[in-house]
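Visitor: Make a model of this:
(chains A, B and C)
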Amino acid sequence: MQSAIECVGVHKYFGPVHANCDIHLNVAAGSIHGIVGENGAGKSTLMSILYGYYEASAGTLRIKGQAVKIASPADAIRLGIGMVHQHFMLIETFSVLENILLGSEGGPLLAPGRTAMRAKLTEFADRYGLAVDPDARIADLGVGMRQRVEILKALMRGANILILDEPTAVLTPDEADSLFIMLRRLRDEGKTILMITHKLREIIELTDHVSVMRRGRMVGHFTTAQTNMDELAKAMVGRPIALDRHKPPCKAGRVILDVRDLVVRNAQGKTCVDHVSFQLREGEIIGLAGVAGNGQSEVLQALAGMCDIETGTINLDGQELDLNHMDPRRMRAKGLMHVPEDRHHHGLVMNFDAYESAILGFHRDAMYGRGLLDRSAMRSALAQDMEAYDIRPRNPQLRTRNFSGGNQQKIVLSREIEREPKVLLIGQPTRGVDVGAIEFIHNRLLHLREEGKAILLVSVELDEIIALSDRILVMCDGRIIGERTGLQTDIQDLGLLMGGVNERVA
Amino acid sequence: MRRSLPIWADVALIPLINVVAAFLISGLVVLAIGESPIEALRLMIMGSLGSPEGLAFTLYYSTNFIFTGLSVALAYRAGLFNIGAEGQAYLGGLGAALVCLALPDWPAFLLLPLAIIGAGLFGAFWAMIPGWLLARRGSHIVITTIMFNWIATSLMSYLLVNVLRAPGSMQPETRGFSASAHLPNLDGMLTGLGLKISNSPLNISFLFALIAALYVWLVIWHTRLGYEIRTLGANPGAADYAGVPTAKIIVITMGLSGLMAGGLALNEVLGAQHRLLLDFTSGYGFVGIAVALMGRAHPFGVVCAALLFGILYQGGSELAFDQPKITRDMIVVIQGLVVLFAGALEGLWRRPLLALFNLVSPHQPQTETER
Amino acid sequence: MEMGSALIILESGLRLAIPLLCACLAGLWSERAGIIDIGLEGKMLAAAFAGAALAHFTGSAWLGLIGALLASLALALLHGFATIHRSGNQIVSGMAINMIAAGLTALIGAAWFGQGGRTPSLQGPARFEPIWLGMDALTLLALLSVPISWFALYQTRFGLRLRAAGENPSALETAGVGVAMIRYCGVMICGVLCGLGGAYLAIAQAAGFLPQMTAGKGFIALAALVFAKWRPLPSLLTCMLFGLLDATSIRLQGVSLPGLGQIPVQAIQALPYVLTVILLAGFVGRAIPPAAAGLPYVKEN
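Guide: Residues are numbered from 1 along each chain as shown, chains lettered A, B, ... in the order given. So this is what the prediction gives:
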C-alpha cells in the first residue's frame, strides 16, 4: 500500500528539551491512523512539524513518497495536508463561508469564489454528510458545528491528508459518534486521516492503525484489529512501574472536607464540573485523575475560591461555606491552602524577588510587619524555608524566574505547607520538575499525610497519582466516573477508565 | 553565555543609550535646519545648569515632571496605561483654585493645606472614573483617559470663560489669589545656600515633589497595597490566585495616580502663577509618559528623568532665545524620540548589547538557572 | 432657523467632517488589521505640514498632496516597524509619533518660514479649489474612500485577510497567509488616508499650515471609530454628525434656544468624547473592537 505520510528519523529540540526523538512513522494512504500517548509525550510537537509550525531539527518527511520540506502552513496546505486544531482556528465574527474562504479565496475578488464555494459546500454536504449553513456566524454555532467547519475548511483547500488534534476533547458522546461516521466516510472516499487522542476506546473503535508515543519517542506501531486496549495502555505508560514507595497504611480520621454536587461552569458557559461529590478525611490523600481538561482543574480552582460555583455545598471542618462569597483569601484563612497547577500563571510572580513571591497570598499576614512590609522578616522567612526544602541557590533576593523549575515549585510548596493547612489542594506537584525534586516533593506530601493533614491531589502523571493516593477518583467530562483505592489499581486500569472506557457504564 | 544583562546595564546603560539616540537624531534635525548641534547642546546646558537662575528654572520644570511622571509610573506598575495625567492635572488646578477663590481671607496655614487637598482630590477623582469604568465595565483605559483629557479641556474652558473669569477681564483666567494662597518661593533659600537668585518660579512644590517620590516608593515597595498593585501589574493570574481584589486595586491605583498628577497644580497654580490659567498644564502631563518610561516606572528613575527633562525644557527655552531658528518645539521632538526609544522600541539595544557583553566577558555570575 | 443658515451649517459641517472622515477611515484600516493607532493626529499634522510646504515651494496642490502622503506614510511605517516588526507597545508608539510630529512640524516650520511655524499663504494652483458641486478634489477623494473601503474590506480577498489579521491572526497563519505583511498593508493604508486628511486641512480647507492645526481631530476620529463600530459607512455618518455638531456649536455661540437657554459651545464640543465614553462603558449598546487589536502577533517557535 502507498504511504501518505512518512517520517524518517525526525528529531525536534526546544533548547535543551528533546521533544521528539528519532520518530519513524508510516501512515498508509486511505487509512485512519491514530496516535496515542500521555500528556507531554510529544504528539502535538509532531503534528506541528507536519503542519509547518515547527521545522524538524533533523530527519526526513515524505508525503506520498516524495521528500518534502514543510516550512509553513502554506507549504503544508500546498501538499494537501489539512489540520483540525483542538482550539479551533476560526474567526468568531465571520460567517461560515468567510472562514472557509480565508486562504483559498480563488481570486482577488470574493464574489466569484463565494459562488463557487457555495456550490462546493452543497456538494460536500451530500457526499460526506457535512451540512452547514454557509451564512451562519461562527459565534452562533455550537462546538460540534464549529469542528465541522474546521474539517470543511481543510477539505475545501484540497486536503487529502487530514490531521485531527484531540477532536473529541470538546464533543459530547453523540457529537463524537457523528464525527466518527463522517471520518469513516472520508476514508472510504480515499482521504488519509491522522488523529491524535488520549481515548483508547476511540482508537479501537475508529482507527485502522495506531502508533504509541512516550516521552518524545515512538514506542510501538500496531494494527488496530490485532491489538487491544490493555496492550495499548501498557505501551503508553511504559514499564509497569516499580512503585515501592513504602507508604504507611492510611490512618484516615474524620471528614474534614465534604463536597456535594459541585457544579461549575467555565467562561463559555459550558458545565465543566458536573455534580462532583466526595469526602476528604484527615490523614488521607485523594487523587483526582483524568485526562487534562476533564474538570479536575476546575474542581481545584473552585475549592480554592478562584472561580464562581454554580451550585453545590462545601463543608470545611464542620462548617458550611457560603458559596456566594468564596475568595482565595477567605479560604486560606480557613486553613485551605493551594499549590496551583500552573506556577507561572498563578503560583508565583516571575519578576518578583523570590522572597516576595514567597508571601503571595499571605502578604496580609501580621508576621510580615504591622504597618509597612518588613522585608527582613520576609527574607529570613524564606531563608529558613530554603534550608528546610533545600532550595538552591540559597538566595532569597534572586529573581523568581532565575530559579529552576524544581526550586520554584519548592518555593510554592514551602509557602503553602509551612502554614499548617487543614486541607492542601495541590495540582501537578511535579510538572517541569527535576528528578531529585520529585522525590523530595513526594516524600514531603506523604509526611504531611502522616501528620494527619488532608490532601487533594490533581495530576496527569498516573504513577504519581498511584504512588501517593489512598483513594483515586477518575474524572471524565466533568463527572467522577470511577473510584479506586491506591492498592487496587494499576496504570492500565486507570488508563482505561480515563479513556472513558466505562463512561457509559458509570 | 550570558542570557541577561547585568543589572547596572539594564537600569542605567540602556536608558542612557536611549537618551543619546534621541539626542543624536535631534542633532541631525538641528543640522538640517542649518545650525550647529554642538553649539545648540552647549547653549542648552549653559542655559539650564550654567547659572543659578537657569538651575532654579530647571528645578521648577522638573517639579512638574516628577509629579506627572510619578502619576504615569504608579499606574504603570499596576499594568494600567494612564494617558490622562494632563486632564487630571488640569482638574487638580480647578480643585486648588476653587479653594483659594472661595476662602480668600483664610490664613495660609489653613488655606494652603486645603488647596493642596483640593488639587489632589480633584485629580484623583478625574482618574478614578476611567479606573472605575475599567474595573466594572471593562472599558479600555487608554481610550477613556484620552477622552477624559478632552472632556477636561472643554469643561475647563467653559468654566474659565463663563464662570470663573475675573470680573471685567477679557482673559480666560481667574482673578489672582490672595497672598495667603501663595506657596513659599525657594529663591530665598537658594540664596542662603550661596546661589543668588531672584524672581525664579521655583517654590516649595519641588520639595513636595521629592516627598511624593519618596511616598510612591514607600507605597509601591513597602506596603501591602503596593505589593498587590505590583502583583496585579506583573501577573494578573497570580493576583487572582492570591485573592487580590482586582477591581478595588484598579480604582485605588488610578486614584493615587490622579492624586500625583494633581500635584502639578501645586507647582503651577499655587506656586508660580497664583491664578488659574487656560491650558496651564501645557502638555506637562504627556511629558510624564516620557519621564515614566525613561525612569523605568521607578520613583528614583522618575526623579532622574524629570531632572533631565527639566534641563531640556529650561535649556530649550534659552536655546530658542539665543538661536531663534531652534524653537522650543525642539524639546517636544526629543521627548517624542525618548518615548519612541525607551517605550515603543524598548529592547532594541538589548540584543546587540548582550552580544557585546558576551564578547567581552561571557561569564554569567551566580544568579543563573541550573539549566 | 431658516433655510439659508441651515444650508450654511450643512456645508460647513461637511467641511469639518472631511478630515475627521479621513482619519477615522485610517484608524479603521489600521485597527481592522490589528494595530491600534493613537497616532492619527500626528500623522495628519505631519501630512498637513509637508503638504503645505511642498505646495508652497512647487506651487502645485497635487505635488503638495504627494508630499503629504509621503510624510504620513513614513510615520506609518515607523509605527509598523515598532509594533509589527519589534512587537512594541502600540499605544506608546502612537504617542511617540504624535509628539515627534507636533515638535518637528512646528520646529521646521519656524526654521524654514520664520512665521511662528506657519507656512506662507497658499494661492491659486497651490490650493485645491472646488471643482464639482462646491467640493474640491480632496473632498471627493475622501468621500470616495468610504465606498472603496467598504468594497475592499468586505468584497475582496485582501479585505477578508486583513479583517482576519485583526480578529484572529493565528487563524490567518494556519490558512497559510503571513500576518505581518497584511498588517503592514493596513498600517500603510492608514498612512495614506491620514495623509489625505492632513493635505485637506492645509491645502484645501485652509490656505497653509498652522502649528497644531489638527487640534485634536485625530482623537475625535478615534472616538468616531468607536462610534461607528469599526465600519466604513457608519464612519461616514458619525463623522458627518460630529462635523455638524462642530458647525452648530460655532453658530450657536451666544444664541439662546427656546426651552434650553444658552448651550455652552464647550458642551457641544465635548459631546463626541462623552458619548464615546458612554458607548465604551456599554451603557447603551456595545462597541466591540477587533478581537486582536492591540496585541502583537508573535509566531510560535
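
Visitor: What residues does chain C have near chain A?
Guide: Counting by C-beta under 8 Å from any C-beta of the partner chain, the residues of chain C lying close to chain A are C:154-161, C:163-164, C:167-168, C:170-177, C:291, C:300-301. For the C-beta atoms, the positions are set from N, CA and C on the backbone; glycine is no exception.

Visitor: Filter these down to the ones in helices?
Guide: C:154-155, C:157-161, C:163-164, C:167, C:170-174 (DSSP state H).

Visitor: Between which two of the residues you listed is the distance greatest?
Guide: Farthest-apart pair in those is C:155 and C:170; separation 24.6 Å (C-beta to C-beta).

Visitor: that older thread, for ChimeraX, write the selection for the buried entries among the residues of chain C next to chain A.
Guide: With 16 or more other C-beta atoms under 10 Å in any protein chain shown as the criterion, this ChimeraX line picks the buried residues out of those:
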select /C:156,157,158,159,160,161,163,164,167,168,170,171,172,173,174,175,176,177
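
Visitor: which among the residues of chain C next to chain A are in contact with chain B?
Guide: Applying C-beta under 8 Å from any C-beta to the residues of chain C next to chain A, none is adjacent to chain B.

Visitor: Just read off the phi/psi values of residue A:58.
Guide: Here is the backbone geometry of residue A:58 (degrees, to the nearest 10): phi -160, psi 160.

Visitor: Let me fix that, I meant to ask about residue A:53.
Guide: Dihedral angles (degrees, to the nearest 10) for residue A:53: phi -70, psi -40.

Visitor: Next, work out how far apart it and chain C are.
Guide: 6 Å (C-beta to the nearest C-beta, to the nearest Å).

Visitor: wait, that residue sits on residue A:75?
Guide: No: with contacts counted by C-beta atoms under 8 Å, residue A:53 stays clear of residue A:75, the gap being 10.9 Å.

Visitor: Which one's more surrounded, the two?
Guide: With neighbours defined as other C-beta atoms under 10 Å in any protein chain shown, residue A:53 and residue A:75 compare such that residue A:53 has more, 22 against 15.

Visitor: Which single residue in chain A comes nearest to chain C?
Guide: Using C-beta to the nearest C-beta, residue A:103 is the residue of chain A that sits closest to chain C, at 2.9 Å.

Visitor: Doesn't that residue belong to a helix?
Guide: No: with DSSP: H, G, I helix; E, B strand; the rest coil as the criterion, residue A:103 is coil rather than part of a helix.

Visitor: residues in contact with it?
Guide: A:77, A:157, C:161, C:172, C:175, C:176, C:177 (C-beta atoms under 8 Å, 6 or more residues apart in numbering or on different chains).

Visitor: just residue C:125 next, same as before
Guide: C:59, C:60, C:61.

Visitor: got the contact list for residue B:9?
Guide: B:353, B:357.

Visitor: Could you show which parts of the stretch 51-200 of chain A are in contact with chain C?
Guide: Residues of the stretch 51-200 of chain A found near chain C (C-beta under 8 Å from any C-beta) are A:51, A:53-55, A:72-74, A:76-78, A:83, A:85, A:89-94, A:98-99, A:101-105, A:107-111, A:113, A:153.

Visitor: of all of the stretch 1-150 of chain B, which residue lies closest to chain A?
Guide: residue B:4 (8.4 Å).

Visitor: How many residues are close by residue A:146?
Guide: By the criterion of other C-beta under 10 Å, residue A:146 has 19 neighbours.

Visitor: In which helix or strand does it reside?
Guide: Take DSSP states H and E as the rule and residue A:146 turns out to sit in helix A:143-156.

Visitor: Show me what the mean pLDDT comes to for that helix.
Guide: When pLDDT is averaged along helix A:143-156, the result is 89.

Visitor: chain center to it, what's the gap?
Guide: In terms of C-alpha atoms, centre = their mean, to the nearest Å, the centre of helix A:143-156 is found 23 Å from the chain centre.

Visitor: next structured bit after it?
Guide: Where DSSP H and E defines the elements, the next helix or strand beyond helix A:143-156 is strand A:161-165.

Visitor: May I have the strands that pair with that following strand, each with its orientation?
Guide: In the sheet, strand A:161-165 lines up against strand A:81-84 (parallel), strand A:192-197 (parallel) (DSSP bridges).

Visitor: I'd like the mean pLDDT over it, please.
Guide: Rounded mean pLDDT across strand A:161-165 is 94.

Visitor: May I have the next helix or strand after it as PDB, with CA atoms only?
Guide: Downstream of strand A:161-165, the next assigned helix or strand under DSSP H and E is helix A:173-188. Written as PDB, here are the backbone C-alpha positions of helix A:173-188 (Å, rounded to 0.1, in the frame of the first residue of the first chain):
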ATOM      1  CA  PRO A 173     -20.600  11.400  23.000                       C
ATOM      2  CA  ASP A 174     -23.300  11.900  20.400                       C
ATOM      3  CA  GLU A 175     -21.300  14.500  18.500                       C
ATOM      4  CA  ALA A 176     -18.300  12.300  18.700                       C
ATOM      5  CA  ASP A 177     -20.300   9.400  17.200                       C
ATOM      6  CA  SER A 178     -21.400  11.500  14.200                       C
ATOM      7  CA  LEU A 179     -17.800  12.800  13.800                       C
ATOM      8  CA  PHE A 180     -16.700   9.200  13.500                       C
ATOM      9  CA  ILE A 181     -19.300   8.400  10.900                       C
ATOM     10  CA  MET A 182     -18.000  11.400   8.900                       C
ATOM     11  CA  LEU A 183     -14.400  10.400   9.300                       C
ATOM     12  CA  ARG A 184     -15.100   6.900   8.100                       C
ATOM     13  CA  ARG A 185     -16.900   8.200   5.100                       C
ATOM     14  CA  LEU A 186     -13.900  10.500   4.300                       C
ATOM     15  CA  ARG A 187     -11.600   7.500   4.500                       C
ATOM     16  CA  ASP A 188     -13.800   5.500   2.200                       C
END
